[in-house]
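Peer 1: 3D model of this:
(one chain, ligands or ions: 2)
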Amino acid sequence: MAEQPLFRRVALLGFGLIGGSIARRARQTGDIAAEIVANARSEATLARVRELGIADRVEADPARAVEGADCVILCAPVGAYAELAQAIAPHLAPGCIVTDVGSTKQSVLRDVGPLLPEGVHFVPAHPLAGTEYSGPDSGFATLFEGRWCLLTPPPGADEAAVEKVAELWRRCGSMVETMEAAHHDRVLAIVSHLPHLIAFTICGTADDLEGESRQQVLQFAASGFRDFTRIAASDPVMWRDVFLNNREALLEMLARFTEDAQAMARAVRWGDAAYIEDKIRRGRIIRRSLIELKQA
Ligand SMILES: NC(=O)c1ccc[n+]([C@@H]2O[C@H](COP(=O)([O-])OP(=O)(O)OC[C@H]3O[C@@H](n4cnc5c(N)ncnc54)[C@H](O)[C@@H]3O)[C@@H](O)[C@H]2O)c1
Ligand SMILES: O=C(O)C(=O)C[C@]1(C(=O)O)C=C[C@@H](O)C=C1
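Peer 2: Ligands and ions are numbered 1, 2, ... in the order given. Here you go, the predicted model:
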């Protein structure tokens with residue numbers, strides 16, 4: 001028997017892979033929201049959400065979407081958050097919980113926190129779950145199951161509001177952890193943002209080679225290269241905003257990676273077989289660790 005819905009009205013601002021997955025989960029379990037209101041920027045997305053019938057109401061105006069909501073979840077690219085926060089702030093009900101799903105957290109505290117009125121609770125969150133797909137058709141109810149969701153509440157955040165957002169994600173099937181936003185951004189820079197930057201870049205390098213050589217290169221891509229291309233197929237706007245909103249941590253991790261890559265290059269040039277083998281072996285160790293953690 002589903003528990004009572006956690007929230008009366010949840011407004012999802014942005015309705016793509018993540019927003020659509022939350023909406024589908026809420027429909028599936030019945031214990032997250034009594035009513036889901038969907039907002040998106042494009043009329044095409046709004047029309048598709050109506051067709052899919054996975055929201056109780058669809059609103060083009062974010063200000064109208066949040067009226068009377070006791071929970072608002074920002075599910076747009078993080079670069080849109082300041083604009084959205086500006087638009088909704090005057091229309092938020094006292095006691096409303098504003099949260100998000102953004103892949104960066106310091107930028108969310110910077111862009112949203114200062115704009116929210118007194119009496120509104122702010123609990124940033126980040127579900128560590130996703131795919132390379134985007135848009136209202138891409139979400140699914142089980143996306144968050146067995147995955148972590150990281151909460152980065154600002155100092156002095158209302159404990160009851162933090163717990164309610166934690167419960168929302170537990171009801172989505174996630175494990176929940178709380179951490180500092182700066183630590184979140186450094187961790188995600190190495191386990192998510194840099195891997196995507198490398199995948200996007202290597203695809204460009206291979207494409208350039210094909211152009212220069214005027215011969216088939218990509219035709220001969222084996223499964224290894226294809227593995228890179230899965231995440232490289234992710235949404236350009238989302239990842240543009242992630243890179244630009246976690247610049248410092250991403251550039252730090254890229255610098256460290258570049259040093260390590262240079263060391264590997266030097267080992268290849270001078271035939272340091274032991275160094276090369278040791279570095280390669282670490283990859284297998286990491287993979288096994290992720291499998292044991294059920295995160296692979
Ligand atoms: N894709 C992933 O794997 C993943 C995983 C975890 C968190 N996230 C985060 O979730 C958020 C949404 O990502 P997604 O994968 O659902 O993206 P998506 O592209 O599938 O959906 C984004 C939605 O936001 C809307 N939107 C775009 N620009 C907007 C604007 N300026 N104002 C209002 N709405 C706008 C789009 O119409 C769409 O409905 C991002 O902040 C992303 O960092 C993504
Ligand atoms: O599985 C994927 O395709 C993802 O990229 C999901 C992924 C990631 O693992 O990097 C991407 C961005 C998010 O903020 C969280 C998760």
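Peer 1: is the residue of the stretch 51-200 of the chain found nearest ligand 1 in a helix, a strand, or coil?
Peer 2: Residue of the stretch 51-200 of the chain nearest ligand 1, by Cβ to the nearest ligand atom: residue 130 (1.7 Å). Glycine gets a C-beta too; all of them are placed from N, C-alpha and C. Three-state call for residue 130 (DSSP: H, G, I helix; E, B strand; the rest coil): coil.
Peer 1: what's the burial count for the closest residue to it other than its chain neighbours?
Peer 2: Among residues not flanking residue 130 along the chain, residue 17 sits closest, at 6.1 Å (Cβ to Cβ, 6 or more residues apart in numbering). When neighbours are defined as other Cβ atoms under 10 Å, residue 17 has 26 of them.
Peer 1: against residue 234, how distant is residue 17?
Peer 2: Residue 17 sits 10 Å away from residue 234, going by Cβ to Cβ, to the nearest Å.
Peer 1: ok, now residue 241?
Peer 2: Separation of residue 241 from residue 234 (Cβ to Cβ): 12 Å.
Peer 1: neighbour count for the two, which is higher?
Peer 2: residue 241 (21 against 18).
Peer 1: helices and strands around the helix or strand harbouring the more buried one, which ones?
Peer 2: Assigned by DSSP states H and E, residue 241 belongs to helix 236-245. On a contact count with 3 or more Cβ pairs under 8 Å, 6 or more residues apart in numbering; DSSP states H and E, helix 236-245 meets helix 194-213.
Peer 1: quick one, the helix or strand just after the helix it packs on and helix 194-213 angle?
Peer 2: Sequence-wise, the next helix or strand downstream of helix 194-213 (DSSP H and E) is helix 223-232. Helix 223-232 and helix 194-213 are oriented at 120 degrees to each other (axes from the mean of the first three to the mean of the last three Cα atoms, to 10 degrees).
Peer 1: now do the buried residues in helix 223-232.
Peer 2: The neighbour-count check on helix 223-232 (16 or more other Cβ atoms under 10 Å) flags 228, 229, 231, 232 as buried.
Peer 1: repeat for stretch 139-155
Peer 2: Judged by neighbour count using 16+ other Cβ under 10 Å, the buried positions of stretch 139-155 are 139, 140, 141, 143, 144, 147, 148, 149, 150, 151, 152, 153.
Peer 1: near ligand 1, which residues of the protein are found?
Peer 2: Residues of the chain that fall close to ligand 1, judged by Cβ under 6 Å from any ligand atom: 14-19, 40-42, 45, 75-78, 80, 84, 101-103, 127, 130-131, 134-135, 138, 235, 238, 242.
Peer 1: and the host helix or strand of residue 255, what other elements does it pack with?
Peer 2: For residue 255, the host element (DSSP H and E) is helix 247-270. If you count contacts as 3+ Cβ pairs under 8 Å, 6+ apart, helix 247-270 packs onto helix 181-188, helix 194-213, helix 273-292.
Peer 1: is the first one up against ligand 2 anywhere?
Peer 2: No. Looking at helix 181-188 against ligand 2 by Cβ under 6 Å from any ligand atom, there are no contacts, and the closest approach is 6.6 Å.
Peer 1: farthest pair in the buried residues of stretch 139-155?
Peer 2: Largest separation among the buried residues of stretch 139-155 by Cβ to Cβ: 140 and 153, giving 27.7 Å.
Peer 1: other residues contacting the strand or helix carrying residue 58?
Peer 2: Using DSSP H and E, the element containing residue 58 is strand 57-59. Strand 57-59 is contacted from outside by 11, 35, 36, 37, 38, 39, 46, 49, 50, 65, using Cβ atoms under 8 Å, 6 or more residues apart in numbering.
Peer 1: the fifth one belongs to a strand?
Peer 2: Yes. The assignment for residue 38 by three-state DSSP puts it in a strand.
Peer 1: and for it, the neighbour number?
Peer 2: Other residues lying near residue 38 total 27 when counted by other Cβ under 10 Å.
Peer 1: backbone torsions only: list them for the most centrally placed residue in the chain.
Peer 2: In the chain, the centroid-proximal residue (Cα atoms, centre = their mean) is residue 103; its distance is 4.0 Å. Note on residue 103: backbone dihedrals following degrees, to the nearest 10 are phi -80, psi -10.
Peer 1: and what of residue 177?
Peer 2: Dihedral angles (degrees, to the nearest 10) for residue 177: phi -130, psi 150.
Peer 1: please list all residues in contact with it.
Peer 2: Residue 177 makes contact with 148, 149, 150, 151, according to Cβ under 8 Å, 6+ apart.
Peer 1: my read is the second one is in a strand, agree?
Peer 2: By that I understand residue 149. Yes. Counting by three-state DSSP, residue 149 is located in a strand.
Peer 1: okay, now the nearest residue to residue 241 once chain neighbours are set aside: neighbour count?
Peer 2: Computed as Cβ to Cβ, 6+ apart, the closest residue to residue 241 that is not its neighbour in sequence is residue 79, at 3.5 Å. Residue 79: 18 surrounding residues under other Cβ under 10 Å.
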